[in-house]
Structures are given as C-alpha cells and as structure tokens.
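*Asks:* Following is a predicted model, sequence given first.
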Amino acid sequence: MRACRGCAAVLFATVGRDSATIARFLEDFKQHGGQPDAVKEVALDMSAAFIKGMTETFTQAALVFDRFHATKLLTDAVDEVRRAEQRMQPALRNSRYLWLHNAEDLRTDQLTQLSELRSLHLKTARAYNLKMAFQDFYDQPAETAEPYLLRWYNWAIRSQLPPVRRAAKTIQKHWSGVLGYHRSRVTNGMLEAFNGLIQSAKRRARGYRSPQTLILMAYLIAGKLSFNLPNPV
C-alpha cells in the first residue's frame, strides 16, 4: 500500500510530545525517500520541545508558527482577564462564549450583548480589542506586516493587563516565526482538520485500547492510502 501523490495526507504518527518524536519522524521520512535538506518551511505551534526537535533535525527549514495557536495566546489572555474581572463586574457573568469566539460565530442577540459589554470600558473589553487587532495582523500585506505587529506589540505591552503582556512577550520571543506566515501562508489547518476526523472516529469507537490502534486508524482515515487491490471478478 502507498499514500497518494500530490495530496495532503498523514505521513507519520507516533506517541509522544518531546523532541524525540521529530527524530523518529526523520528516520521514517528518509526511509521513504524524503530529503531533509529539501524541507524549507515547517508549520508548528510554540512547543519548546517541537522547536528544539525541528531546529536540530530539519536544519534548512524556517519555522512558521501556526496562526491559530498564536491567536490562542490572546484568546486565553482575554479569558484570564475576564475571570479576574467578573468578581467585581457582575455584568461579565455568563459571557465567556462571547469573548472567546469571532463575531461571525455569534447570533444577533449575542452580538448585541457583546456590543453592550464593550461599551462599559471593561478591562476584558480592552483585552478583547487587542486580541482582535492581533488577528488583523494576518490580513496585512506582507510589506506592512512587521510594522503593524510592532505597533500592536507596543500597545499590548502598555496595556497594563498582565495576561496580555505575557502573551505579547511570547509573540516577541517567536517574532520571526510569527512573521513567517506572511512568507508562505503555511498553517496547521490541514492537520487540525485531520485531527477532527480522527477524534470523531475515536468517539464513535468509544476510545481505543492502545495508542497503536489509534495510530492505525489515523493512517486509514487520513493517510490517503492506495491498496492496489485487484478488481473483483
């Protein structure tokens, strides 16, 4: 059996979340004819273990930090600000969903409620505005992306919102890789789609008894395998 050529597919799955998982992938990659030096860009989250594994293994590849994981830093910061502020602001109770989702995912009544909350000059609203501004970074033209990100960073650092400041410092630490999105538009979106299919199969099966079984199902579901079976007579 083989994976189809020219299509997105799961190539390798293994147990673990440390840098050794990258080394195991490298060996499998080379065994199937892959050329590590030909890999020019890698999309990943900001896991220190994965960063270490990729920089040590695929030495010619530029790191591109996935936009959805980067944005999640700000989403988590907004939620942390909200949880702290709602102790003194009863209006924030039961509003978590509004702050964590984009406007296009909200109903009309939810949009109205969010607008009313934002008019109250809450810390949560300031954090939310910074999150939305960070999301807009990904819509900037490549030539203005870095100046935009620098302005956003200075705004976030001066915000006096500790969770937002921590998120901004993490973005600064991974500056080149965050900007890397504008070089290639590479994301982990396809990987997340595959993960959704695999998790759905896992729920239908009510779980699997071993990681090896789950990995096998991942290949069957998202490996795009061709078994070259003979046509039935």
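*Replies:* Great, that's in hand. Residues are numbered from 1 along each chain as shown.

*Asks:* From the rest of the structure, what touches stretch 24-32?
*Replies:* Contact with stretch 24-32 is made by 11-12, 14, 16, 36, 57-58, as judged by Cβ atoms under 8 Å, 6 or more residues apart in numbering. Heads up, the C-betas are built off the backbone N, CA and C, glycines and all.

*Asks:* Of these, which count as buried by neighbour count?
*Replies:* Among those, those scoring as buried are 12, 57-58 (criterion: 16 or more other Cβ atoms under 10 Å).

*Asks:* quick one, helices of the protein?
*Replies:* All helices of the chain, identified by DSSP state H, fall at 20-31, 48-57, 67-85, 96-100, 108-118, 123-137, 142-157, 162-173, 175-179, 181-184, 189-204, 211-222.

*Asks:* For the contacts of stretch 24-32, could you give me JSON lines that also reports pLDDT?
*Replies:* Shown next, in JSON lines, are the contacts of stretch 24-32 (pLDDT from 0 to 100):
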{"residue": "Leu11", "pLDDT": "82"}
{"residue": "Phe12", "pLDDT": "86"}
{"residue": "Thr14", "pLDDT": "86"}
{"residue": "Gly16", "pLDDT": "82"}
{"residue": "Pro36", "pLDDT": "89"}
{"residue": "Thr57", "pLDDT": "88"}
{"residue": "Phe58", "pLDDT": "90"}
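
*Asks:* any idea how far Phe68 is from Ala43?
*Replies:* Separation of Phe68 from Ala43 (Cβ to Cβ, to the nearest Å): 10 Å.

*Asks:* Now do the contacts for the residue nearest the centre of the chain.
*Replies:* By Cα atoms, centre = their mean, the mean C-alpha position of the chain lies nearest to His69, the distance being 2.9 Å. Contacts here follow Cβ under 8 Å, 6+ apart; on that basis His69 touches 45-46, 188.

*Asks:* repeat that with 10 Å
*Replies:* The contact partners of His69, by Cβ atoms under 10 Å, 6 or more residues apart in numbering, come to 43-47, 187-188, 192.

*Asks:* and what of Gly177?
*Replies:* Taking Cβ under 10 Å, 6+ apart as the test, what Gly177 contacts is 42-44, 46, 51, 62-66, 70, 171.

*Asks:* So what would you say the end-to-end distance of stretch 95-107 is?
*Replies:* Using Cα to Cα, to the nearest Å, the end-to-end distance of stretch 95-107 comes to 13 Å.

*Asks:* re earlier: any idea which of the helices of the chain has the lowest pLDDT on average?
*Replies:* Among the helices of the chain, helix 189-204 carries the lowest mean pLDDT, a mean of 76.

*Asks:* Could you report the distance from Asn102 to Lys173?
*Replies:* According to Cβ to Cβ, Asn102 stands 26 Å off from Lys173.

*Asks:* just to revisit the earlier point, Phe68 and Ala43: who's more crowded?
*Replies:* Ala43 (21 against 14; other Cβ atoms under 10 Å).
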